[in-house]
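In: Build me a structure from this.
(chains A and B)
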2 protein chains.
Amino acid sequence: MKEGKIRHAVGVDFGGTFIKMALVNEKGEVRSRAKIPTKETVGLDGWMDAVAKGVEQLRGLNGRTEELAGMGVGVPGFVDCERGFIYDLANLPGWTGVHLAPLIEKRFNVHVRIDNDVNAMALGECTFGAGRAYQHAVFVTLGTGVGGGLLINNKLYRGAYSMAGEIGHMSINMDGIQSPQGRGGLEQYVGNRRIVERAVKLLDQGNPSLIRDLVKGDWSAITPEVIGQAANQGDKLALDVYDFVADCLASAFASVTYLIQPQAFIVGGGVAQSGSILFDPLRKHLQERLSPFFADRIEVKTAELGNDAGVIGAATLVMME
Amino acid sequence: MKEGKIRHAVGVDFGGTFIKMALVNEKGEVRSRAKIPTKETVGLDGWMDAVAKGVEQLRGLNGRTEELAGMGVGVPGFVDCERGFIYDLANLPGWTGVHLAPLIEKRFNVHVRIDNDVNAMALGECTFGAGRAYQHAVFVTLGTGVGGGLLINNKLYRGAYSMAGEIGHMSINMDGIQSPQGRGGLEQYVGNRRIVERAVKLLDQGNPSLIRDLVKGDWSAITPEVIGQAANQGDKLALDVYDFVADCLASAFASVTYLIQPQAFIVGGGVAQSGSILFDPLRKHLQERLSPFFADRIEVKTAELGNDAGVIGAATLVMME
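Out: Next up is the predicted model:
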């Protein structure tokens, strides 16, 4: 067996609900997984112990650790990835100003890289997923919020102070919805809650829709997935909601294209799983919003790594060095 | 004299009205200038002859040419700068699909670089002008149109197909003014003509303003400069126009900052010469439109190279290699 010659890395996807971990090989394949509920870890020490347990679990299933290229960690917040320093994790109290990389290096005696989770996913998708053919790509993840990561010259571009890629805060309307991040931010129109709000508003106006039946009249059960289900059955109201979401995304994507002209957008996250009801109008509106010189040279692709994007991306952080 | 040891380059700023040329030294100083009306040149050969005459003029004033680092050419349009190939110059008929670099190299026996004129200016400003302290900056020029150039990791970033930096086509309103480049493009709000239109509209509504006196009732004489003059005298209508222009710019700048997080914006072109009546509200609105993490880490500067930005930038294209 030549398996021993293949490099592996541990990817840690530190989320608000779970700490997901995986042993990933240099082809981007997940060899084993571990998953720890975040709330079971208390403080930095608790977190470290949980990760240690996870590493043991991954190790147990795959034997040797001496070939580890290292451990990559994706975290939901601002990071100085040069120093492996966490500025702040928005929804995780206690994770402000934590110099995490050296602590992990000391405990596990491996090379460590820490980055924003969306950056990690962007790198994973652009190395092993839908973006592997591109040198310049923009990764976008649609969910509660809208995150982004930039691949420029085949490398993650983090901006001057490690915070670039916040496509969700780009404004699509200078007089639009106000938020702590400014006015008219994309996320204020296509974040999960906003999508549901829009559908509910149209339903409240008395418009007919399959959604009523799907949630049996319980508006609180409406999710982007339910709306997508209705849209996939040809429901007009649901299709209108998705068309609006697609056009908002297209407006931001057009601006991104005019500014940095990537080869492609790689779109992942829950809403992206709706498939053609999102991607067809998205491509159409993007073409409408660009001059031919730019329209002819841009692609929009669905992310391919799915739920593994986080752990594969995190592992890729160290694998690519 | 040590002059002989200092490298020089010829910068050619190919515009619709003039071909401006200069001999520029490695400190970014203009040593001599030449200027040829574009309409006096006919076809590619005529253009080449005019440039040859210009080179002789520059040479005559400064002697030796053997130290020339080369010749840089900035052109108003799309360029493949790797190949020195001009795709198309929007307002200059006959300049479509011209492989210019090898022709110049052959004729003048020097190293040649060709790029978009705004990219050249961006490089000049970021090497010798207001952006010289930055590794990541966005240059913006305000005029009939709004152009942009990106400096990333101390290098011009041209995007996947040499067309990046079109900040003037970024949308500030997804339902805004339609143009061949999409909807709500920044240029449709802050281009010179749009600024004048806005002032005229406010004057037509009967609002009082110094502008009436300055142009003696002749609205065809209204320019951004005249409006700026009125604004500098405290004229409310003129200040409102500039505040709107500043806020439109701020909206686009905020989006750029969230996406690529540069250290600074360097703003040049005619309207930028209005000084604080533009820059004060621009900085204020930009701060309002960014979260503190981003707002604290971004600067807005006035370009410094003025009318020489084009020729210095063009010369810098070859000087920096």
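In: Provide a list of residues in contact with the residue nearest to A:Ser291 when sequence neighbours are not counted.
Out: Leaving aside its chain neighbours, A:Ser291 sits nearest to B:Gln181 (4.8 Å; criterion: CB to CB, 6 or more residues apart in numbering or on different chains). Just so you know, the C-beta spots here come from the backbone N, C-alpha and C atoms, and that holds for glycine as well. With contact set as CB atoms under 8 Å, 6 or more residues apart in numbering or on different chains, B:Gln181 has these partners: A:Tyr258, A:Leu290, A:Ser291, B:Glu166, B:His169, B:Glu187.
In: go on, A:Glu56?
Out: A:Glu56 neighbours (CB under 8 Å, 6+ apart): none.
In: Please parse chain A into its domains.
Out: A:3-127+A:308-319, A:133-304 (automatic domain parsing).
In: Select from the ones you listed the stretch with the lowest mean pLDDT.
Out: Among the domains of chain A, domain A:3-127+A:308-319 carries the lowest mean pLDDT, a mean of 91.
In: Distance to B:Lys216 for the domains of chain A - can I get that in JSON lines?
Out: Shown next, in JSON lines, are the domains of chain A (distance: least, CB to CB, whole Å):
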{"stretch": "domain A:3-127+A:308-319", "distance to B:Lys216": "56"}
{"stretch": "domain A:133-304", "distance to B:Lys216": "35"}
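In: Out of those, which is closest to B:Ala120?
Out: domain A:133-304 (17.7 Å; CB to CB).
In: How far off centre is that closest one?
Out: On the basis of CA atoms, centre = their mean, to the nearest Å, domain A:133-304 sits 13 Å off its chain's mean C-alpha point.
In: Quote the end-to-end distance of that domain.
Out: When the termini of domain A:133-304 are compared using CA to CA, to the nearest Å, they are 13 Å apart.
In: Please apply the same query to stretch A:103-116.
Out: 18 Å.
In: Counting neighbours, which bits of that stretch end up buried?
Out: Judged by neighbour count using 16 or more other CB atoms under 10 Å in any protein chain shown, the buried positions of stretch A:103-116 are A:Leu103, A:Ile104, A:Phe108, A:Val110, A:His111, A:Val112, A:Arg113, A:Ile114, A:Asp115, A:Asn116.
In: and what of stretch A:169-186?
Out: Under 16+ other CB under 10 Å, the buried positions of stretch A:169-186 are A:169-174, A:176, A:181-186.
In: I'd assumed A:Pro224 was in contact with A:Val196.
Out: Yes: the pair A:Val196 and A:Pro224 passes the contact test of CB atoms under 8 Å, sitting 6.7 Å apart.
In: Look at the two and report which has more neighbours.
Out: Taking neighbours as other CB atoms under 10 Å in any protein chain shown, A:Val196 and A:Pro224 compare with A:Pro224 leading, 27 against 19.
In: Checking the residue of the stretch 51-200 of chain A found nearest chain B next. Helix, strand or coil?
Out: In the stretch 51-200 of chain A, no residue comes nearer to chain B than A:Gly159, which is 2.9 Å away by CB to the nearest CB. What DSSP: H, G, I helix; E, B strand; the rest coil gives for A:Gly159 is coil.
In: Name the nearest residue to it, sequence neighbours excluded.
Out: Counting by CB to CB, 6+ apart, the residue nearest A:Gly159 is B:Gln261, at 2.9 Å.
In: Show the contacting residues for that neighbour.
Out: Counting by CB under 8 Å, 6+ apart, B:Gln261 makes contact with A:Arg158, A:Gly159, A:Ala160, A:Tyr161, A:Met163, A:Ala164, B:His136, B:Phe294, B:Arg297, B:Ile298.
In: where does it fall, phi/psi-wise?
Out: In terms of degrees, to the nearest 10, the main-chain angles of B:Gln261 are phi 40, psi 70.
In: what is the orientation angle of the longest helix seen in chain A with helix B:236-260?
Out: Criterion DSSP state H: the longest helix present in chain A is helix A:236-260. Interaxial angle of helix A:236-260 relative to helix B:236-260 (axes from the mean of the first three to the mean of the last three CA atoms, to 10 degrees): 90 degrees.
In: Quick one: name whatever helix or strand follows helix A:236-260.
Out: strand A:264-269 (DSSP states H and E).
In: Packing partners of that following strand?
Out: helix A:117-128, strand A:137-142, helix A:236-260, helix A:276-288, strand A:299-302 (3 or more CB pairs under 8 Å, 6 or more residues apart in numbering or on different chains; DSSP states H and E).
In: Select, out of those, the one closest to chain B.
Out: Comparing these by CB to the nearest CB, helix A:236-260 comes nearest, at 3.8 Å.
In: Now do that closest one against strand A:137-142, angle only.
Out: 150 degrees.
In: Any part of helix A:236-260 near chain B?
Out: Yes: for helix A:236-260, a contact with chain B is found by CB under 8 Å from any CB of the partner chain, at A:Asp247, A:Cys248, A:Ser251, A:Ala254, A:Ser255, A:Val256, A:Tyr258, A:Leu259, A:Ile260.
In: does A:Ala22 belong to a helix or a strand, and which?
Out: Element membership for A:Ala22 (DSSP H and E) is strand A:18-25.
In: Need the residues of helix A:236-260 next to chain B in a markdown table (columns: neighbour count).
Out: Output for those, formatted as a markdown table (neighbours: other CB atoms under 10 Å in any protein chain shown):
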| residue | neighbour count |
| --- | --- |
| A:Asp247 | 22 |
| A:Cys248 | 25 |
| A:Ser251 | 30 |
| A:Ala254 | 30 |
| A:Ser255 | 32 |
| A:Val256 | 24 |
| A:Tyr258 | 27 |
| A:Leu259 | 25 |
| A:Ile260 | 25 |
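In: hang on, A:Leu278 packs against A:Ala246?
Out: Yes: here A:Leu278 lies in contact with A:Ala246, judged by CB under 8 Å, at a distance of 5.8 Å.
In: Okay, and the beta partners of the closest residue to A:Asp308 other than its chain neighbours?
Out: Spatial nearest neighbour of A:Asp308, chain neighbours left out: A:Val30 (5.5 Å); criterion: CB to CB, 6+ apart. Counting by DSSP bridges, A:Val30 forms beta bridges with A:Val24.
In: before we move on, what about A:Lys155?
Out: Under the criterion used (DSSP bridges), A:Lys155 bridges to A:Ile152.
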